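Chemist: predicted model and sequence below, questions to follow.
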Amino acid sequence: TRDQSPAEGTYELVVVANRLPVDRVTDDDGTVRWQQSPGGLVTAMQSVMTGQDGAWVGWSGDPGEAPEPFDSGDMHLHAVGLTEQEIEDHYEGFSNETLWPLYHDVIVPPRFRRRWFDGYRTVNRRFAEVAASLAAPGATVWVHDYQLQLVPAMLRELRPDVRIGWFNHIPFPGVEIFAQLPWRKHVVQGLLGADLLGFQRRADADNFLRVCRRLLGLHTRGGTVEVPGPGDSTRVVRASSFPISIDAASLSDLARTPEVMERARQIRRDLGDPEHVLLGVDRLDYTKGIRHRLKAYEELLSDGVLAPPQAVLVQVATPSRERVSAYIQLREQVEVTVGRANGDFGHLGMPAIHYLHQSYGRAEMAAMFLAADVMLVTPLRDGMNLVAKEYVTCRHDDGGALVLSEFTGAAGELDRAFICNPHDIDGLKYTIRHALDADPAEKRRRMRAMRRRVAEYDVSRWAGDFLAALDAAPDRP
Ligand code: ADP
Ligand code: F6P
C-alpha cells in the first residue's frame with residue numbers, strides 16, 4: 001500500500017537503466033575514476049538527459065556498495081549497488097545468457113537457470129525501489145531495456161501515481177521463441193505494469209502483442225492490451241514502435257571540425273594511403289556478425305579481389321561482457337581469424353586487418369567514420385544499430401558507402417544502403433564489391449538521402465515522440 005511505499009522524491013523525470021552513463025573503474029594503484037559506459041543506450045540517453053533536470057538510476061558497472069548520488073555533466077546520477085553474486089545472476093546470467101540470446105533469434109542457445117531468475121527479480125526490485133524514492137508525485141518514470149522488464153509492475157505497486165514507460169533497445173522475439181522462457185508470464189506481467197511499451201520496430205511491438213494474446217490469453221486491440229485489474233476493472237497498456245536515433249546535429253558538427261577532418265586524413269596516411277579502407281565498429285558481440293564479415297573479407301583476399309596495401313580492413317571491437325562464455329569464445333575465434341588473415345595475406349608493416357579491441361572518444365570515432373570508404377554493419381540481428389546512423393551522419397562530404405544487414409532495425413530507415421544478408425557469404429562478398437565499385441555519383445545520392453533521414457529523425461525527436469505518447473497513453477491515473 002502507499003503507506004509502506006518509499007518516500008516520494010522531487011524529480012519530474014526519472015530514467016531507469018541497467019547502467020549509468022559512466023562506469024566506475026578502479027586502477028591497479030587503487031585510483032577510482034569514471035569512464036563512459038559502452039553501448040547504444042548510453043549514447044542515445046546521454047544526449048536526451050543532457051539539459052533535463054531528471055535523475056538517472058543505474059548500476060556503476062562494478063561490484064559493491066553504491067556510491068552516493070553525484071552529478072556528471074549536468075545529469076543527476078543515482079547508483080544502484082550490485083554484489084558480485086548479483087552481477088553473475090542478474091547481469092551476466094539472466095540478462096546476458098538467457099534473455100540476450102533468446103531475444104536475438106537464439107544465435108547461441110539461451111541458458112535457463114532458476115537461480116539467475118531469482119537474482120534478476122531481486123535486482124529489478126531494488127531498481128524499482130530507488131526509482132520510487134526519487135519520483136515526484138505524478139512524475140514520469142522511463143524504464144529501459146531487457147535487463148529491467150519486471151520494474152514497471154514493481155514500480156506501479158509502489159507508486160501507482162506515476163506514469164511508467166518502458167523502451168526495449170533490442171528486438172522482441174516471435175512468440176514461438178519467447179515461449180521457451182520458463183518465466184515468460186512473469187516477464188509479460190512485469191512489462192504490463194507500464195502505461196506505454198516502446199519497441200524499435202513495428203514487428204517487435206506486434207510480437208509482444210501476439211505473446212499477450214497467445215501466452216496470457218489477453219485481449220488486444222489496435223496496439224493496446226487490456227489488462228484485468230481488481231474486480232471488473234481493466235487497464236489499457238499501449239505497445240508501439242519508436243525507432244531510436246542519434247544526436248545527429250552535434251555529431252555532424254563534430255565531424256566537420258578541422259581537427260576531426262585532419263585526423264581522418266592522418267588515419268588514412270597511417271594506414272599507408274590505401275585505395276580502399278573498410279571499417280567495422282561494434283561491441284565484440286556474436287549478434288554483430290563479425291565472424292561472417294571476416295570470413296567474407298578473408299575470401300575476398302584469397303580470391304585476389306582485394307589485397308593489402310591497396311585495401312585494408314579496420315575492425316574496432318569494443319570489449320563487452322568479458323566473463324560470459326559465448327563472448328570469451330567469440331573473442332578467441334575473431335582473434336584467431338585476424339591472426340590467420342594477417343599471417344596469410346599481410347606484408348611487413350601492412351597487415352590485412354587492423355584489429356583494435358579498445359574504446360575511443362567520439363572525435364576519434366568520427367574521424368574513423370570519415371576515413372572509411374566502406375562501413376560494414378553486418379549484424380545477424382540488431383534492435384537498431386546506431387553505428388550505421390553515426391557513419392552516414394559523419395559523411396558530410398557525401399563520401400563513403402554503407403553495407404548494412406537487413407536484420408538490423410536501421411535497415412528499415414536506411415534503405416539506400418547496400419543491403420546484405422550476412423548469412424549469405426557469397427552475397428556479402430558481392431555486396432562489399434558492389435559498394436566499393438558503384439558509380440561515385442550514385443553513392444553520393446545514397447549517402448545524402450540517408451544523412452537527411454537521420455538528421456530529420458534524430459534522438460530528440462525519438463525521445464519527444466516517446467514521452468508525448470507516454471503522456472497521452474490511456475488510463476491516466
Ligand atoms: P549496441 O548498443 O549493441 O552496442 P549500437 O550500434 O546501437 O550497438 O551502439 C553502439 C554505440 O557505441 C555507438 O554509439 C558507437 O559509436 C559506440 N561505440 C562502439 N564501439 C566503440 C568504441 N570502440 N569506442 C567508443 N565507442 C564505441
Ligand atoms: O542496447 C543494448 C545494450 O545491451 C544496452 O542495454 C547496453 O547498455 C549496451 O547494449 C551495452 O551492453 P552492456 O551494458 O551489457 O555492456
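Modeler: Structure's in. What do you need? Ligands and ions are numbered 1, 2, ... in the order given.

Chemist: A264 and E406, how far apart?
Modeler: 29 Å (Cβ to Cβ, to the nearest Å). C-beta: built from backbone N, CA, C; applies to glycine.

Chemist: for R125, same thing?
Modeler: Counting by Cβ to Cβ - R125 and E406 are separated by 39 Å.

Chemist: put the alpha carbons of stretch 63-74 into PDB.
Modeler: The C-alpha coordinates for stretch 63-74 follow below in PDB (Å, rounded to 0.1, in the frame of the first residue of the first chain):
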ATOM      1  CA  PRO A  63      30.600  -4.900  -7.600                       C
ATOM      2  CA  GLY A  64      30.000  -3.300  -4.200                       C
ATOM      3  CA  GLU A  65      28.200  -0.600  -2.400                       C
ATOM      4  CA  ALA A  66      26.600   2.100  -4.500                       C
ATOM      5  CA  PRO A  67      28.400   5.400  -4.400                       C
ATOM      6  CA  GLU A  68      26.500   8.500  -3.100                       C
ATOM      7  CA  PRO A  69      24.400  10.300  -5.800                       C
ATOM      8  CA  PHE A  70      26.500  12.500  -7.900                       C
ATOM      9  CA  ASP A  71      26.300  14.800 -11.000                       C
ATOM     10  CA  SER A  72      28.100  14.100 -14.200                       C
ATOM     11  CA  GLY A  73      27.900  16.800 -16.800                       C
ATOM     12  CA  ASP A  74      24.500  18.200 -15.800                       C
END
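
Chemist: buried set for that stretch?
Modeler: A66 (16 or more other Cβ atoms under 10 Å).

Chemist: equivalent analysis for stretch 440-448, please.
Modeler: Buried, per 16+ other Cβ under 10 Å, within stretch 440-448: 443-444, 446-447.

Chemist: same thing with stretch 81-91?
Modeler: Buried-residue list, stretch 81-91, by 16+ other Cβ under 10 Å: 82, 86-91.

Chemist: which of those residues fall in strands?
Modeler: Judged by DSSP state E, the buried residues of stretch 81-91 include L82 as members of strands.

Chemist: mind checking which of the buried residues of stretch 440-448 are in helices?
Modeler: Among these, the members falling in helices (DSSP state H) are 443-444, 446-447.

Chemist: hang on, the earlier thing: who has more neighbours, A264 and E406?
Modeler: Between A264 and E406, counted using other Cβ atoms under 10 Å, A264 has the larger neighbour count: 20 against 14.

Chemist: could you measure from that one over to ligand 1?
Modeler: As defined by Cβ to the nearest ligand atom, to the nearest Å, A264 lies at a distance of 15 Å from ligand 1.

Chemist: what's the closest non-adjacent residue to that residue?
Modeler: L370 (3.7 Å; Cβ to Cβ, 6 or more residues apart in numbering).

Chemist: any idea of the mean pLDDT for the helix or strand that contains that neighbour?
Modeler: If you go by DSSP states H and E, L370 is part of helix 362-371. On average, the pLDDT along helix 362-371 is 98.
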